[in-house]
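Q: Fold the following, please.
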Amino acid sequence: MPTAEIPDEIATLLAALDAAPSHTAVLRTARDLARLAAGDGAGRTRCRIALVSNYTIKSVEPYLAVACARIGVAPDFYVSEYGQVEPDLLSPGGGLDAFDPDVTFLALGLDGLQPQDVADPVGAGEEGLERLIQLATAFHVRARGPIVVHNFVTPSLSPSDVASGLRSPANRIRRLNLTLAERIGGASGLHLLDVDALVAEHGRARSRHDKLFYLAAMELSETLLPEVAHRYMAYVKALLGRTRKCLVFDCDDTLWGGLVGEEGVAGVTLGADGLGRAFRDVQDLALAHHRRGVLLALCSKNNSEDVDAMLAGHPHMRIRGEQVAALRVNWQDKVTNLREIAAELNLGLDALVFVDDNPVERAQVRQALPQVLVPELPADPALRPRFLARLNDFASLVLTEEDAARGAYYAQERQRRALQTSSQSLEEFLHTLALEVQVTVDETEVVGRLAQLAARTNQFNLTTRRHPEAEIARMMGQPTHRVYALRAADRFGDNGIVMLLIVACEGGVWRIDTCLMSCRVIGRGIETALLSRVAADAAAAGVRELRGEYVRSTKNALAADFYPRHGFSLLAEPAEGHAVWQRAIGAGAPLGVPPWIRMRDAG
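A: Numbers count the residues shown, from 1 in each chain. Model (predicted):
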């Protein structure tokens, strides 16, 4: 389904495509979208996507263009020309460098990399693997955005030989793919896309059109292109911060089969076999997302005692109460409950994915809350695990300690809310909270978390610039930039790294390029503590002025007063919604740390 924020003209194009989908319709829609983007971009975010391949890959472009349009993005494409792959990747200053991609998809088939030495296929394959790694790492040094590398596809044409065993062509490719995963899997900014698994799932015979393969070097069939684009979009969404943060489930006939209020805990369908296993697998998928930092919530028309009994007592229940960040189990309408869940978790409605078996409930939520993603869940429970596994809306380019602990953070947040309710004033609550913060500069060990914050933070984000991991890493240690990270903790536990501030050092002026804060800690004065540290560092460096920008987005209104609230004066307004603020070092009231916050030494 298209998102709520796209312009009407684009929504009409997508609706027509959804009503009569076909390859021809995709091509036509992509052309119309390109026409709109060539005008004023229809107000959409731009994204530069490079497709670098030694076989014909351009056919995936229309599918990517349509998928981008569904999230309000206007893509620009660079497709490597025939014979230009190695010059593009190896030569600084070439066409690929000039394009400066936000994300690069590197699809290099083994045949085009290895020497054609049939006498030693093992050695030839290893040479091809080394060439792929050399090409990827050569461009990685220069690339600003992430590089997504295809692994090798197991051959669909090889002689049937029951005696070949481990020496079979398929096993040779599998060993190369394992080595490839080991070699680039841990590299910052390099990502591996398991195209071989995608081809296997789609069907090897269906994944290649033999005639087009021989005549046009097309290794990916027309039927496979939508799936490849779907996998690509996980990276685009993660890069641009268009991912979701909370998975909200209905309960009856969604997490288990039947009505627990009527059939009791022992009577519902949930177990290790039959359809009970399908419901259990749905919960296992939910927990897999939870371990990667996605919040879980329940929104069900039910008696709360019955759902509590399921969470606590059913032997096959995978999701337990301590893993649920928010519950709305009552007889209220689900639209109201979803609004309350978003407010409780301090998330926008566009951070939610709502999973419900009831098509009437789904339609009501879509109509009232178009920002919420509501997948069209299959009626057959047996089809749901695979359907939900295919969702690409929770992708993250890096996994951090904060991801693993996010569920615990929100459990602590319930304790903080209880303390705030019992406090006589906001200041009493903040003092009782016993906040501690620690600020570091250019801490290379946490660059992944900082890139994740840049990609995912929307509400308190002064400029919404999405600096990728490789770009932040380059800024660190350079005299032209300072990258500040802030950790926060209080009496209830550690919040992890919750703020990023990037300074561009421009002589006697320090310009705050990026300033953002996790929604979990908004309203506690932490941003003032970090700005105070930046001002002190600027004074020590002999800087005469701090400058900062506010660039309005659809989601960052609560950050609009950040600079005037801290004594900055308006310097310029380059465009509507874009303000530049300045503050002379040493002028006005000092930027002090709020009295309820203790600054800890980073050492």
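
Q: buried residues in stretch 74-93?
A: By 16 or more other CB atoms under 10 Å, the buried positions in stretch 74-93 come out as A74, P75, F77, Y78, V79, S80, Q84, V85, E86, D88, L89. All C-beta atoms are positioned from the backbone trio N, CA, C, and that covers glycine.

Q: And the furthest pair within those?
A: Using CB to CB, these span at most 30.0 Å, a distance reached by A74 and E86.

Q: ok so, going back, which ones among the buried residues of stretch 74-93 lie within helices?
A: Cross-referencing the buried residues of stretch 74-93 with the helices (criterion: DSSP state H) gives V85, E86, D88, L89 as the overlap.

Q: so how far is D284 from the last one?
A: The reference is to L89. Between L89 and D284 the distance is 40 Å, computed by CB to CB, to the nearest Å.

Q: chain center to the helix or strand bottoming out on mean pLDDT in the chain: distance?
A: Lowest by mean pLDDT, DSSP states H and E among the helices and strands of the chain is helix 210-216, with a mean of 77. Taking the mean C-alpha point of helix 210-216 and that of its whole chain, the gap between them comes to 36 Å (CA atoms, centre = their mean, to the nearest Å).

Q: Could you do stretch 44-52 as well?
A: Between the centre of stretch 44-52 and the centre of its host chain there is 16 Å, according to CA atoms, centre = their mean.

Q: what's next to that stretch, contact-wise?
A: For stretch 44-52, contacts defined as CB atoms under 8 Å, 6 or more residues apart in numbering pick out 6-7, 10, 37, 57-58, 60-61, 64, 68-69, 72-80, 85, 88-89, 96, 99-108, 232, 236, 239-240.

Q: Inside helices: which ones of the residues you listed?
A: Residues from the contacts of stretch 44-52 lying in helices, with DSSP H as the criterion: 10, 37, 61, 64, 68-69, 85, 88-89, 96, 99, 232, 236, 239-240.

Q: can you dump the C-alpha coordinates of the host helix or strand of L198 into CSV?
A: Secondary structure from DSSP states H and E places L198 in helix 195-202. Extracted in CSV, the C-alpha atoms of helix 195-202 (Å, rounded to 0.1, in the frame of the first residue of the first chain):
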residue,chain,number,x,y,z
VAL,A,195,20.9,-13.7,-3.9
ASP,A,196,21.6,-17.5,-4.1
ALA,A,197,19.0,-18.1,-1.4
LEU,A,198,16.5,-15.8,-3.1
VAL,A,199,17.0,-17.7,-6.4
ALA,A,200,16.5,-21.0,-4.6
GLU,A,201,13.3,-19.7,-3.0
HIS,A,202,12.0,-18.4,-6.3
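
Q: before we move on, the earlier item: just put the ones in helices among the buried residues of stretch 74-93 in JSON lines and tack on pLDDT and distance to F213.
A: What follows is these, written out as JSON lines (pLDDT from 0 to 100; distance: CB to CB, whole Å):
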{"residue": "V85", "pLDDT": "94", "distance to F213": "18"}
{"residue": "E86", "pLDDT": "94", "distance to F213": "22"}
{"residue": "D88", "pLDDT": "95", "distance to F213": "23"}
{"residue": "L89", "pLDDT": "96", "distance to F213": "24"}
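
Q: Kindly indicate which of the residues you listed lies nearest L426.
A: When these are ranked by distance to L426 (CB to CB), L89 comes first, at 55.1 Å.
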